[in-house]
Structure formats: C-alpha cells, structure tokens
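Student: Provide a 3D model corresponding to the input given below.
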Amino acid sequence: MCECGCISILGAICYILLLIGGINWGLVGAFGFDLVAWLFGEGTFLANAIYLLVGIAAIVSLVLVIIHYVKKSRM
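Tutor: This is a model prediction of the structure:
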C-alpha cells in the first residue's frame, strides 16, 4: 500500500489475477467447470500461463501483505 492508503499497481494486478483464480476455482468446485481451460483450451500455453500468473500473484500478494504488516508494526 502507498502512504496515502491506495493500492499499488502491482497490488492491483495481483488482486485482479487472484479474482480470476478465485472465480475459476469456485466454478471448478461448484460445477466441475474450468473457465480458463474452456476459454483458452485445456493444457495450452495460454491457459498454463494464466495459471502460472495466478500462482505468482498469490505469492506476491502474500509478500506484500507481510511487508505491509511488518512496516505497520514498526510504527
């Protein structure tokens, strides 16, 4: 987060990717329907790239949250 409380561009990109991943996993869990595979083809480079980006976004988001709370606890 910025000093003003707004979200960084990296944080916003991660948030969007996590929303995509969350919606996709919700559809898989509820209906057995993989939206990413349906849109881009199962096992294609593009589908795998989206899965990879969602995973990286989760890791980056975790690091951003940890950094935020470490900075906040030092105040």
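Student: Closest to the centroid, which residue in the chain?
Tutor: Nearest to the geometric centre of the chain sits L18, at 2.5 Å (C-alpha atoms, centre = their mean).
Student: I'd say that one and V60 touch.
Tutor: No - at 9.7 Å, L18 does not count as touching V60 under the criterion of C-beta atoms under 8 Å. Yep, even glycine has a C-beta here, placed from its N, CA and C like the rest.
Student: re the thing from before, what's around the closest residue in space to the residue nearest to the centre of the chain that isn't next to it in sequence, how many residues?
Tutor: Leaving out its chain neighbours, the residue that sits closest to L18 by C-beta to C-beta, 6 or more residues apart in numbering is A57, at 5.5 Å. By the criterion of other C-beta atoms under 10 Å, A57 has 21 neighbours.
Student: what packs against the strand or helix carrying L53?
Tutor: Here L53 sits within helix 45-73, counting by DSSP states H and E. Packing partners of helix 45-73 (3 or more C-beta pairs under 8 Å, 6 or more residues apart in numbering; DSSP states H and E): helix 9-31, helix 35-40.
Student: Turn those into JSON lines, including mean pLDDT.
Tutor: Below are the helices and strands packed on helix 45-73 laid out as JSON lines (pLDDT from 0 to 100):
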{"stretch": "helix 9-31", "mean pLDDT": "95"}
{"stretch": "helix 35-40", "mean pLDDT": "96"}
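Student: quick one, which of those is nearest to V65?
Tutor: helix 9-31 (9.4 Å; C-beta to C-beta).
Student: quick one: pLDDT of the residue sitting furthest away from the middle of the chain?
Tutor: Centroid-distance maximum for the chain: M75 at 28.3 Å, with C-alpha atoms, centre = their mean. Looking at M75, its pLDDT reads 76.
Student: For stretch 43-60, buried residues please.
Tutor: Neighbour counts over stretch 43-60 (16 or more other C-beta atoms under 10 Å) mark A47, I50, V54, A57, V60 as buried.
Student: With adjacent residues omitted, what lies nearest to the first one?
Tutor: Pointing back at A47 there. Closest to A47 by C-beta to C-beta, 6+ apart is F40, at 4.2 Å.
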